[in-house]
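Visitor: please find the sequence and the predicted model below.
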2 protein chains.
Amino acid sequence: MEEAKGLVKHIFLAKFKEGIPSDQIEKLIKGYANLVNLIEPMKAFQWGTNVSIENLHQGFTHVFESTFESTEGVAEYVSHPAHVEFANLFLAAVEKVIVIDYKPTAVRL
Amino acid sequence: MEEAKGLVKHIFLAKFKEGIPSDQIEKLIKGYANLVNLIEPMKAFQWGTNVSIENLHQGFTHVFESTFESTEGVAEYVSHPAHVEFANLFLAAVEKVIVIDYKPTAVRL
């Protein structure tokens, strides 16, 4: 099994609280995306709502994936003032989250 | 916000049971990766272990990401005999899982 570069994927699952208006959710998503412009080690961002059919998603409604060049880059992101400010806003709107980072690795069969 | 093609990302978080030997885990990961060769709509596979620093990963140890061309492709995968057989083996080795699918979308700021 071989590791693809030093890339780190930062996976963020969220369940928004009931009653949060959709325009507020959209604003939060744009705020999340905008961190790419504010925090140098954050290289890419994509997101989507749950479309799974297996019912193993445990109520999570949204997936956010951001990409970093290294685990040091994630650490810089986590402590960056723009992230800290955004995270406070975002976490106030969600019922639960899971955040997990991994280095994407291919499998040589 | 615009949706990138019809691609679906299938995110699988797992926590392996305590005491599952690492060679058994490696074999299961290879078996997961090999589904790309057996199930036509499954287009790509990558994985990695948790390297997060925020302690919001709720004990999950592994992330698996596979890619499909459509939600119909995911449905075909879920019910495919090769997947069903593999899932039975895999699920016997894990303490908990979350599976969530999303269509990766970029944000136009």
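Guide: Arrived safely, thanks for sending.

Visitor: secondary structure element for residue A:45?
Guide: Using DSSP states H and E, the element containing residue A:45 is strand A:42-49.

Visitor: contacting residues around the closest residue to residue A:49 other than its chain neighbours?
Guide: Spatial nearest neighbour of residue A:49, excluding adjacent residues (C-beta to C-beta, 6 or more residues apart in numbering or on different chains): residue A:62 at 5.7 Å. Any C-beta I mention is one placed from the backbone N, CA and C, and that applies to glycine too. Remark: with contacts taken as C-beta atoms under 8 Å, 6 or more residues apart in numbering or on different chains, residue A:62 is in contact with A:13, A:14, A:15, A:16, A:25, A:29, A:47, A:48, A:49, A:50, B:102.

Visitor: residue A:62 pairs with what?
Guide: For residue A:62, the beta-bridge assignment (DSSP bridges) gives partners residue A:14, residue A:49.

Visitor: which of the residues in the strand holding residue A:45 are buried?
Guide: Within strand A:42-49, the residues scored as buried using 16 or more other C-beta atoms under 10 Å in any protein chain shown are A:42, A:45, A:46, A:47, A:48.

Visitor: for stretch A:20-34, same thing?
Guide: Within stretch A:20-34, the residues that qualify as buried by neighbour count (16+ other C-beta under 10 Å) are A:25, A:28, A:29, A:31, A:32, A:33.

Visitor: which of these fall within helices?
Guide: Taking DSSP state H as the definition of helices, these contribute A:25, A:28, A:29, A:31, A:32, A:33.

Visitor: dump the residue contacts of the first one.
Guide: If a contact means C-beta under 8 Å, 6+ apart, then residue A:25 has A:16, A:62, A:93 as its contacts.

Visitor: just to revisit the earlier point, may I see the contacts of residue A:62 arranged in CSV, with distance to residue A:85 and pLDDT as well?
Guide: Rendered in CSV, the data for the contacts of residue A:62 read as follows (distance: C-beta to C-beta, whole Å; pLDDT from 0 to 100):
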residue, distance to residue A:85, pLDDT
A:13, 22, 98
A:14, 18, 98
A:15, 22, 98
A:16, 19, 97
A:25, 18, 97
A:29, 16, 98
A:47, 19, 97
A:48, 25, 97
A:49, 25, 97
A:50, 27, 97
B:102, 26, 98
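
Visitor: tell me the one of the residues you listed nearest residue A:98?
Guide: Lowest distance from residue A:98 to the contacts of residue A:62 (C-beta to C-beta) belongs to residue A:13, with 4.5 Å.

Visitor: how many neighbours does the closest one have?
Guide: Residues within reach of residue A:13, counting by other C-beta atoms under 10 Å in any protein chain shown, total 26.

Visitor: that one and residue A:63 touch, don't they?
Guide: Yes: at 5.9 Å, residue A:13 and residue A:63 qualify as touching, with contact defined as C-beta atoms under 8 Å.

Visitor: for those two, list the residues in contact with both.
Guide: With contacts taken as C-beta under 8 Å, 6+ apart, the residues that reach both residue A:13 and residue A:63 are B:11, B:100.

Visitor: now residue A:93, nearest residue through space, not along the chain?
Guide: What sits nearest to residue A:93 in space, not counting adjacent residues and going by C-beta to C-beta, 6+ apart, is residue A:20, at 5.1 Å.
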